[in-house]
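Participant: after the sequence you'll find the predicted model.
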Amino acid sequence: MNFYSVTLEKTVLFYKGGEFTAHENWKHKRMFHKGDYEIILCVKGPIYIQLDQEQYVINAGEVLLIPPFINFFGYKNSTQGVDFYWLHFFSRFKESKINLKESDLIASVKNNPSKDRKILLPNKFTLADYEQSVILIHQILSSRSESSYLQMRDYLTSALLIQLFNSYISNSYINEEDSRASFIKEWIRAHISSTLTVPGIAKQLELNPDYLTRIFKKCTGMTMLQYLNHLKIEVATTLLVRTEMSVKQISSRAYFNDSKVFIRKFHQELVLSPTEYRKSYHLIHLNNPHIDPQIPIPKDIADSIDFIPENGNIKENDFLVKK
């Protein structure tokens, strides 16, 4: 399995990004990146993309990482339309393409936490924390583009990569207790519209309530009530940045019976009111009809990297070192 390294001894450099939607019969145009990585996070799919000779189907909640110097294009129409976030960044270091077993990577991360500030990501993976990633991408894309704000985007993009890596690892390495906790979390998510209590959940799952409470807290760091509120707030934050619904409508859609309770719980968790949160992260580059516009590489990026093609210091085939 192929993995791509991203070195985080310094922040990566945000380049460009946005959100793209198409209603029907859309196919990604043929493209080639000159030194930049691209992350595609699918909101609505499937999206059909071919990287060189490898074909991928990206569904909602999945991520595609497109490395530099690779031909890619849509190989099939998405008949029902698509919706996805796209984000480009540069690494400040010469990175590697590494082929290894997923189990070896998981074991390495578990037994020997990285000390060289480097993460590895595959071309495609499923997010374990979709809502959190969506919110972080909105933070990146809604940051103002003036020069004084560029560094903020660099740090946020680096944070997004760390979150994607942690999401991939946590989704791939699950022991028996973690697996049971994950099942409980998904059961709660599926029944979030119901009135949930620990005894009621334990009865439905045929588990002892004390055991259920202990294992859930051990694996998640939260009580079940805290997790339930956290889940509802995640739903609310997604609706705040992705819809024009009123706060009262969102309160109901996020499974709160009282909008005043919703506002209080929201402020307790995020230190912002729902309205303040929406204003902070709402405006992004939306619906570019061309996708990935050819924005000239900013001078501060070019000055920070000495091996991108525009500087003429490296051949395309040398950018990714195969191991």
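Facilitator: Structure received. Keep in mind that this is a model prediction, so the values were computed, not measured.
Participant: gap between the two ends of stretch 182-198?
Facilitator: Stretch 182-198 has an end-to-end distance of 16 Å (criterion: CA to CA, to the nearest Å).
Participant: where do the helices sit along the stretch 101-250 of the chain?
Facilitator: Counting by DSSP state H, counting those that start in this stretch, the stretch 101-250 of the chain has helices at residues 102-111, 130-142, 147-172, 176-190, 198-205, 209-220, 224-242, 247-253.
Participant: can you get me a residue count around Q55?
Facilitator: Q55: 11 surrounding residues under other CB atoms under 10 Å. C-beta: built from backbone N, CA, C; applies to glycine.
Participant: please renumber so the chain begins at 59
Facilitator: With the count now opening at 59, the last piece we talked about shows up as Q113.
Participant: before we move on, the earlier item: K176 is nearest to which of the helices of the stretch 159-308 of the chain?
Facilitator: helix 205-230 (9.8 Å; CB to CB).
Participant: angle of the closest one against helix 188-200?
Facilitator: For helix 205-230 against helix 188-200, the angle by axes from the mean of the first three to the mean of the last three CA atoms, to 10 degrees is 160 degrees.
Participant: N129 and I107 touch, don't they?
Facilitator: No: contact criterion CB atoms under 8 Å: N129 and I107 do not qualify, at 11.1 Å.
Participant: next up, the contacts around L178.
Facilitator: L178 makes contacts with 61-64, 156, 163, 223, as judged by CB atoms under 8 Å, 6 or more residues apart in numbering.
Participant: ok, back up a step: in terms of neighbours, single out the busier of N129 and I107.
Facilitator: I107 (23 against 12).
Participant: can you pull the contacts of N135?
Facilitator: Neighbouring residues of N135 by CB under 8 Å, 6+ apart: 83-85, 106.
Participant: now which of those residues would you call buried?
Facilitator: Taking 16 or more other CB atoms under 10 Å as the criterion, what is buried in the contacts of N135 is 84-85, 106.
Participant: so what's the residue of the chain positioned farthest from its centre closest to, chain neighbours aside?
Facilitator: Seen from the C-alpha centroid of the chain, the residue lying at the greatest distance (CA atoms, centre = their mean) is N266, 34.9 Å away. Excluding the flanking residues, the one nearest N266 by CB to CB, 6 or more residues apart in numbering is A260, at 6.6 Å.
Participant: beta partners for F131?
Facilitator: Beta-bridge pairing for F131 (DSSP bridges): Q108.
Participant: so who does it touch?
Facilitator: F131 sits in contact with 85-89, 107-108, where contact means CB under 8 Å, 6+ apart.
Participant: on that earlier part again, how near is the residue farthest from the centre of the chain to F241?
Facilitator: Distance, N266 to F241, by CB to CB, to the nearest Å: 16 Å.
Participant: so which of the contacts of F131 belong to helices?
Facilitator: Among the contacts of F131, no residue falls in helices (DSSP state H).
Participant: mind checking which of those residues are buried?
Facilitator: For these, buried by 16+ other CB under 10 Å: 85-86, 89, 107-108.
Participant: the residues you listed: which two are farthest apart?
Facilitator: K85 and M89 (12.1 Å).
Participant: most centrally placed residue in the chain?
Facilitator: S191 (3.6 Å).
Participant: these two touch, right, that residue and Q221?
Facilitator: Yes: using CB under 8 Å, S191 is in contact with Q221, at 6.2 Å.
Participant: low-confidence stretches in the protein?
Facilitator: In the predicted model, the chain carries pLDDT under 70 at residues 165, 167-174, 202-208, 229-236, 339-381.
Participant: domain assignment for it?
Facilitator: Domains of the chain are assigned by automatic domain parsing as 60-231+351-380, 234-339.
Participant: before we move on, the earlier item: how about TSV for the helices of the stretch 159-308 of the chain, with distance to S331 added?
Facilitator: Listed next are the helices of the stretch 159-308 of the chain as TSV, based on distance: least, CB to CB, whole Å:
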stretch	distance to S331
helix 160-169	38
helix 188-200	16
helix 205-230	22
helix 234-248	25
helix 256-263	30
helix 267-278	27
helix 282-300	10
helix 305-311	8
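Participant: that'll do, ta.
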